[in-house]
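# okay, predicted coordinates and the sequence, questions at the end:
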Amino acid sequence: FAVDVLEPIWRRIAKAVLDSSYVRCDDTGLRVLDRDHPQGVKRGHVWAYVGAGLVVFHYTPNWSAEGPAAFLKSFRGYLQGDGYAGYDKILAGQVGGDGENDGMALVSTERRLGCGMHIRRKFEESAKLGDARGAVALALIRRIYELERDYKERGLSAEERLAERNARSVPILDEFYRWVHEIHTQQIPSTPLYKATRYAIKHEAAFRRCFSDGRFEIDNGEVERRLRWVALGRKNFLFAGSDKGAERLAIAYTMTGSCHMNGVNPLAYLTDVIEKLQSGWPKDRLDELLPNVWKPGLATSEG
């Protein structure tokens, strides 16, 4: 398979992402044929990790915390994600990905970043179900996002964005959480607004941490955009033929996704890189073939 030739590049992309100081993560389901499953098809998961200007996709045969724990075992930066319960196990050190790391928190609480999109969605659900009070939260969140858009349009540096956030965004964030804490005590448990305020409170520290560094985004939007390619693929090919096939699919998505992130034509990139790898491209120069630095005119050998 052509994808098998690309596995060394996938490994280098994965290393580049995990060596970075800031990674965004999310996952989506994937139907996979499994003759041992009662229905013949199981639900695997494709994880996307964005960092260092690249995206790496990783397949796991289930949704257990062991999958991301094993993948993240070398990661020491800040991790941004949603409310996936498995992250809590990783944070608590209940899983470590292998016997050597069991009991060690791979991503400490202080390095966990929340997602404003997930907090907003909870209040959107409440508003859609007729609770007008959810609109108060949505209005405050909208103001925060409008400021973020302004910072990006002005091309602010990380230091400048942090200063602007402290002066303009954090006061709105404080107002939002004052309202959330106040309204939460007035809600009947299990109602949509109660669930929205509970989620916001549970992830308050992680969400506030997004505003502590100008490098950080306030949501996981970039990685969710990368996962849309997987969702689109599901509608076309319906399922992967096996776990091995799903792993190859993750490699292919890594290559094309990283190309799109860097404005590189995937077909031109894959044609050139596969040819170079099959022609004996030096192993110590694999990093030159990563999509964020690749140049089509690179020579196969020195000289």
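Received the coordinates, thanks.

# from here on, just use CA atoms for contacts and neighbour counts.
Will do.

# within the helices and strands, which one has I172?
helix 170-184 (DSSP states H and E).

# just the buried positions in that helix, please.
The neighbour-count check on helix 170-184 (16 or more other C-alpha atoms under 10 Å) flags 170, 172-173, 176-177, 180, 184 as buried.

# which secondary structure elements does it contact?
helix 134-153, helix 192-202 (3 or more C-alpha pairs under 8 Å, 6 or more residues apart in numbering; DSSP states H and E).

# most packed of those?
helix 192-202 (a mean of 21; mean count of other C-alpha atoms under 10 Å).

# quick one: buried residues of the next helix or strand after that helix?
Note on helix 192-202: by DSSP H and E, the next helix or strand toward the C-terminus is helix 204-209. The neighbour-count check on helix 204-209 (16+ other C-alpha under 10 Å) flags 204, 206-209 as buried.

# so for helix 204-209, what's the average pLDDT?
For helix 204-209, mean pLDDT rounds to 96.

# what's the first helix or strand after the strand or helix carrying R228?
If you go by DSSP H and E, R228 is part of helix 221-237. Sequence order places helix 243-261 as the next helix or strand after helix 221-237, per DSSP H and E.

# next, count neighbours for V273.
If you count neighbours by other C-alpha atoms under 10 Å, V273 ends up with 24.

# before we move on, what about the one 3 residues further on?
Using other C-alpha under 10 Å, K276 has 17 neighbouring residues.

# what about it, which SS state?
Of the three states, K276 takes helix under DSSP: H, G, I helix; E, B strand; the rest coil.

# quick one: V264 and K295 touch, right?
No - if you go by C-alpha atoms under 8 Å, V264 and K295 don't touch, sitting 9.6 Å apart.

# which one of the two is surrounded by more residues?
V264 (18 against 15).

# so what pLDDT did that one get?
Predicted confidence (pLDDT) at V264: the value is 96.

# what sits against it?
P291 (C-alpha atoms under 8 Å, 6 or more residues apart in numbering).

# again, 6 Å this time
Listed by C-alpha atoms under 6 Å, 6 or more residues apart in numbering, the contact set of V264 is empty.

# from the buried residues of helix 204-209, which is closest to P61?
A206 (28.3 Å; C-alpha to C-alpha).

# and the gap between that closest one and G29?
25 Å (C-alpha to C-alpha, to the nearest Å).

# can you report phi and psi for the residue lying closest to Y194 once chain neighbours are set aside?
Nearest non-adjacent residue to Y194, counting by C-alpha to C-alpha, 6 or more residues apart in numbering: Q187, 5.4 Å away. With angles defined as degrees, to the nearest 10, Q187 sits at phi -90, psi 150.

# 190 is where my numbering starts, stick with that
Okay, using 190 as the starting number, the last item reads as Q376.
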